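**Q** I need the structure of the sequence given here:
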Amino acid sequence: MSSEFQKPPTLSEAASQYLALLSGAQQRESQQEVNRFVRWLGSTRSLDRLFSHEVSTFAGTLGTSTANPLKKLEPVKAFLAWAKKEGFTETNLGTSLRPAKSRLRDAPKVRKAEPDERALLTQDGYQQLGEELENLRAERPRMAETLRLAREDKDFRENAPLDAARDQQAHMEARIRELESLVKRADVLGDGASESVRSQIGSTVVVRELDTGDELRFTLVHPREVNLAQGKLSIASPLGKAMLERAAGENIQVDAPAGVQHYRIQRVEPRS
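**A** This next block holds a predicted model:
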């Protein structure tokens, strides 16, 4: 164990030591995600008292729509690998960090919506879903050709390409049905939508994390529009739920592995 500490360091202490070892560019690239990881698990937690199942929950904060989730996790995985090398942990806890499964065989079945269930979407989100739907429909001929070629292999005992093509087609058709249903049920927020000083779907909300002073900015969106890399936060997430129907000056709290996290609504920017 590093001689700098007489006892196992806290997450905050270890993160500070690790980041100080990085070059300027590496430090800038790693600091945000490493610090977010520290806040999620608890800055005062002793590094040798972390458990893999707790560490794995951090990957879930990225959401399945985050662009390049593996890349977003790399700084934290590098930090945890370093912690193992320094002897702060018995195992490399970074191996527990995996983005949400996207394998075709593991894709969840689409929940059938009630006939009168509406989906409130922003104009941007509605347009993106429509474009995705059209792109998937255009893929059908190519997918059919891929299946035809895979079937030409008569050795069905180990025809992995055929199995993969069937899985891909099933996943694609399920996604098409899901998008068709969502677009059909969509209520789109137009430019003329009434504004409110309280947050709602489509609002941009700036919050301050009271424990750290960090200021965060999110746009509240339908779960299908989530993209944390762009600051789009699902109204179904713990933080998103807590931020709904709130006004500037109100305090909110969210449960996390580190305990309850406290935020203050700094301002609400009505949807445009």
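**Q** and the strand of greatest length in the chain, which residues are buried?
**A** As assigned by DSSP state E, the longest strand anywhere in the chain is strand 259-269. By neighbour count with 16 or more other C-beta atoms under 10 Å, strand 259-269 contains the buried residues Gln261, Tyr263, Arg264, Ile265, Val268. C-betas here are computed from N, CA, C, even on glycine.
**Q** can I get the residues you listed in JSON lines with pLDDT?
**A** Shown next, in JSON lines, are those (pLDDT from 0 to 100):
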{"residue": "Gln261", "pLDDT": "84"}
{"residue": "Tyr263", "pLDDT": "90"}
{"residue": "Arg264", "pLDDT": "88"}
{"residue": "Ile265", "pLDDT": "90"}
{"residue": "Val268", "pLDDT": "88"}
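**Q** I'd like to know which of those is nearest to Ser30.
**A** Nearest to Ser30, judged by C-beta to C-beta, of these is Gln261 at 21.8 Å.
**Q** Asp211 is in contact with that closest one, correct?
**A** Yes: between Gln261 and Asp211 a contact is recorded at 6.7 Å, counting by C-beta atoms under 8 Å.
**Q** any shared contact partners between the two?
**A** Arg39 (C-beta atoms under 8 Å, 6 or more residues apart in numbering).
**Q** List the contacts of the nearest residue in space to Ile235 that is not next to it in sequence.
**A** Nearest residue to Ile235, sequence neighbours excluded (C-beta to C-beta, 6 or more residues apart in numbering): Leu220, at 5.3 Å. Applying C-beta under 8 Å, 6+ apart to Leu220 gives the contacts Ser199, Gln200, Ile201, Gly202, Ser203, Thr204, Val205, Leu233, Ile235, Gly240, Met243, Leu244.
**Q** how far out from the middle of the chain is the helix or strand where Leu220 lies?
**A** Here Leu220, judged by DSSP states H and E, is contained in strand 215-221. Taking C-alpha atoms, centre = their mean, to the nearest Å, one finds strand 215-221 lying 13 Å from the centre of the chain it belongs to.
**Q** can you tell me which residues contact Leu210?
**A** Leu210 neighbours (C-beta under 8 Å, 6+ apart): Asn251, His262, Tyr263, Arg264.
**Q** how close does it sit to Pro238?
**A** The gap separating Leu210 from Pro238 is 16 Å, by C-beta to C-beta, to the nearest Å.
**Q** Equivalent analysis for Leu41, please.
**A** Relative to Pro238, and taking C-beta to C-beta, Leu41 is found at 16 Å.
**Q** do Arg166 as well
**A** As judged by C-beta to C-beta, Arg166 and Pro238 stand 37 Å apart.
**Q** sorry, back to before: which helices and strands sit right next to the helix or strand following the strand holding Leu220?
**A** Sequence-wise, the next helix or strand downstream of strand 215-221 (DSSP H and E) is strand 232-234. Strand 232-234 sits against strand 215-221, helix 238-243, with contacts defined as 3 or more C-beta pairs under 8 Å, 6 or more residues apart in numbering; DSSP states H and E.
**Q** Give me the contact list for the last one.
**A** When you say that, I think you mean helix 238-243. When contacts are defined by C-beta under 8 Å, 6+ apart, helix 238-243 is touched by residues 199, 205, 207, 218, 220, 233-235, 252-256, 263, 265.
**Q** same thing but at 10 Å, please
**A** If you take C-beta atoms under 10 Å, 6 or more residues apart in numbering as the criterion, helix 238-243 is touched by 61, 199-201, 203, 205, 207, 216, 218, 220-221, 223, 226, 232-235, 237, 250-256, 261, 263, 265, 268.
**Q** Now do the buried residues in that helix.
**A** Applying 16+ other C-beta under 10 Å to helix 238-243 flags Leu239, Gly240, Ala242, Met243 as buried.
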